[in-house]
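Q: A predicted structure for the sequence below; I have some questions about it.
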2 protein chains.
Amino acid sequence: MSRRDRIRAETTAEIKVIALRLMAAGGPGAISLRAIAREMGMTAGAIYSYYPTRDDLVTRLIGDLYTELVDTAEAARDAVPADDPGGRILAWAEAVRGWALANPEGFRLIYGDAVPGYQPPEDGPAREAEHRACTGLTGLVAAAWPGAERAAGSRDYGWSDFGEVLAEAAREAFPGLPPAAVALTLRVWGRMHGLVALEIYGHLRALVRDPGAVYRDEITDLIVSLGLTPPAGDDRRE
Amino acid sequence: MSRRDRIRAETTAEIKVIALRLMAAGGPGAISLRAIAREMGMTAGAIYSYYPTRDDLVTRLIGDLYTELVDTAEAARDAVPADDPGGRILAWAEAVRGWALANPEGFRLIYGDAVPGYQPPEDGPAREAEHRACTGLTGLVAAAWPGAERAAGSRDYGWSDFGEVLAEAAREAFPGLPPAAVALTLRVWGRMHGLVALEIYGHLRALVRDPGAVYRDEITDLIVSLGLTPPAGDDRRE
DNA sequence: ATGATTTCTGCACACCGTTCAAAGTTCATA
DNA sequence: TATGAACTTTGAACGGTGTGCAGAAATCAT
């Protein structure tokens, strides 16, 4: 690796770091090539040597952030013994919410309108992270299977109901798991996502004092509905 | 009402209509004063006679859209007899999702990043519509009470846990309803919101062929968890 | 040391929201 | 009906944005 390659890698990374800082400070809209270049003592045009366009930079950012989010969730899950599937679900959910609260702009970048006109690419690190998240959630549901079967509803799903990538991955990672479990996984995802999205976008701010308590109730109910026993948290508000 | 007032009202409305069309066509980011003025054969500066700033226009748009969404949901609910609370919940949920699919950019405007740097005001039509939505949902939960009590979790909530406006409204509209029911209402909201948000923002696109079926399963499960009987829909996929 | 490759500048273009003086228009009133 | 006030619109300006491109500058391989 030549000296120039090293410097190039450093510059590429520095751009991303500054972009992240700008985003954390002023929201996704504050990510401007000119502002980045200004902080680096460069001209805006110079950035085009590292990222072909602004959206590519945003794409990379989303990939990094999503990966970080999934890393956090996986780590939280793995901190709970595998023989406590309910605890693992709660850990995952709380990790996601915690990360979202700590990185609200990151959450918006991942799950909201990144930038006006931004179109997420079909693949790339972000999709890969989302795939990891999906697999992780499927694992949580699989750990509750077949006890959770009664929560899966009576509709009969087939593998053809799902995208090839997801179906393939689910069948390989969790042999014997029926398609209905994957549908349930998506519902679990939605359930973990809903309240956090509302909270991050400020829709709960004026309504409830401790959104975390409501979220915890929701996840606890989710765990119970999967036929698992939720961790014995104190039922009092924090 | 003078002639000038009439023309002014028409112009004010036309600006909003064009803004809506631009948004539907190119997303929230396509709402530009210059583009609006261009379509109206005016100059951008002229718009400032009608809206003090661009964000005010967006705020009005959000108010209109949110009101439309809540109107739709309420109408769908009222089309189901009151002695079928489960059916009313399903109707509300499906109406919300249907509206979101028909107006994805509107949904983004309401529940996502409207525009980079946009800060939603504390009050206004949007907050009022959100308040109506909240009340509507509380009504749906109230209709399931006290049967739904077991879904409310064991945490003990007090009225002080909620915003004054919400607490006041809930106590007045549904006397005797305990605070725990309001917490449950927020959870119901989150549950209705999660999958729709994921779908609108494209996170389910590559994963599942018929997100509507999964959503219906989720809402059905929600209805059951409230101790109600869901409408007897056919269990087959559409 | 030379030639190729990469990086960066500086300028240009087109777009954006916003402001403002001046011109144009409408309206109420004397 | 004439006049003055109120309102609307223009057009230019300012500062901001992403994006291209010619050419200068720096770096690297040979």
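A: Arrived safely.

Q: Give the residue spans of chain A that score low on pLDDT.
A: A:116-117, A:233-238 (pLDDT under 70).

Q: domain assignment for it?
A: A:1-51, A:54-225 (automatic domain parsing).

Q: How about stretch A:219-230, which residues are buried there?
A: Neighbour-count burial for stretch A:219-230 flags A:219, A:220, A:221, A:222, A:223, A:224, A:225, A:226, A:227, A:228, A:230 (criterion: 16 or more other Cβ atoms under 10 Å in any protein chain shown). From N, CA and C alone the C-beta is placed, and that goes for glycine too.

Q: I'd assumed residue A:88 was in contact with the fifth one.
A: So the one you mean is residue A:223. No - Residue A:223 is not in contact with residue A:88 according to Cβ atoms under 8 Å; the separation is 9.5 Å.

Q: now the helices for chain A?
A: Along chain A, the segments classed as helices by DSSP state H run A:3-26, A:33-40, A:54-78, A:85-102, A:104-111, A:125-144, A:164-173, A:179-200, A:211-225.

Q: what angle separates the third one from helix A:33-40?
A: Which is helix A:54-78. 70 degrees (axes from the mean of the first three to the mean of the last three Cα atoms, to 10 degrees).

Q: Is there contact, residue-wise, from helix A:54-78 to chain B?
A: No - residues of helix A:54-78 are not located near chain B by Cβ under 8 Å from any Cβ of the partner chain, the shortest gap being 10.8 Å.

Q: Residues contacting that helix, please?
A: The contact list for helix A:54-78, computed with Cβ atoms under 8 Å, 6 or more residues apart in numbering or on different chains, reads A:15-16, A:19-20, A:23, A:28, A:31, A:33, A:47, A:51, A:88, A:91-92, A:94-96, A:98-100, A:103, A:106-107, A:109-110, A:114-115, A:118-121, A:124-126, A:128-130, A:132-133, A:136, A:140.

Q: what angle separates it from helix A:125-144?
A: Calculated by the same axes, to 10 degrees, helix A:54-78 forms an angle of 20 degrees with helix A:125-144.

Q: Next: the fourth one.
A: Following the same axes, to 10 degrees, one obtains 150 degrees for the angle between helix A:85-102 and helix A:125-144.

Q: Pull the residues that contact helix A:85-102.
A: Contacts of helix A:85-102 (Cβ under 8 Å, 6+ apart): A:68-69, A:72-73, A:75-77, A:79-82, A:106-107, A:136-137, A:140, A:143-144, A:188, A:192, A:195-196, A:199-200, A:212, A:215-216, A:219-220, A:222-223, A:226, A:228-231.

Q: which of those residues are buried?
A: A:69, A:72-73, A:76-77, A:80, A:106-107, A:136-137, A:140, A:143-144, A:188, A:192, A:195-196, A:199-200, A:212, A:215-216, A:219-220, A:222-223, A:226, A:228, A:230.

Q: How about the residues of chain A by DNA strand C?
A: A:4, A:8, A:11, A:37, A:41, A:42, A:43, A:44, A:45, A:46, A:49, A:50 (Cβ under 7 Å from any atom of the strand).

Q: and of the buried residues of stretch A:219-230, the nearest to DNA strand D?
A: Comparing the buried residues of stretch A:219-230 against DNA strand D with Cβ to the nearest atom of the strand places residue A:219 closest, at 38.3 Å.

Q: what about the closest residue to that closest one other than its chain neighbours, how many neighbours?
A: Excluding its sequence neighbours, the residue lying closest to residue A:219 (Cβ to Cβ, 6 or more residues apart in numbering or on different chains) is residue A:93, at 4.5 Å. When neighbours are defined as other Cβ atoms under 10 Å in any protein chain shown, residue A:93 has 28 of them.

Q: And stretch A:159-171, how far out from the chain middle?
A: On the basis of Cα atoms, centre = their mean, to the nearest Å, stretch A:159-171 sits 20 Å off its chain's mean C-alpha point.

Q: Tabulate the buried residues of stretch A:219-230 in CSV, adding columns for distance to residue A:149.
A: Shown next, in CSV, are these (distance: Cβ to Cβ, whole Å):
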residue, distance to residue A:149
A:219, 20
A:220, 20
A:221, 18
A:222, 15
A:223, 15
A:224, 15
A:225, 12
A:226, 10
A:227, 8
A:228, 13
A:230, 19
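
Q: Enumerate every residue touching residue A:209.
A: For residue A:209, the contacting residues are B:160, B:161, B:162, B:163, by Cβ under 8 Å, 6+ apart.

Q: Could you rerun that using 6 Å?
A: Counting by Cβ atoms under 6 Å, 6 or more residues apart in numbering or on different chains, residue A:209 makes contact with residue B:161.

Q: do you know how far it is from residue A:202?
A: Distance, residue A:209 to residue A:202, using Cβ to Cβ, to the nearest Å: 15 Å.

Q: just residue A:188 next, same as before
A: Distance check for residue A:188 against residue A:202: by Cβ to Cβ, it reads 25 Å.
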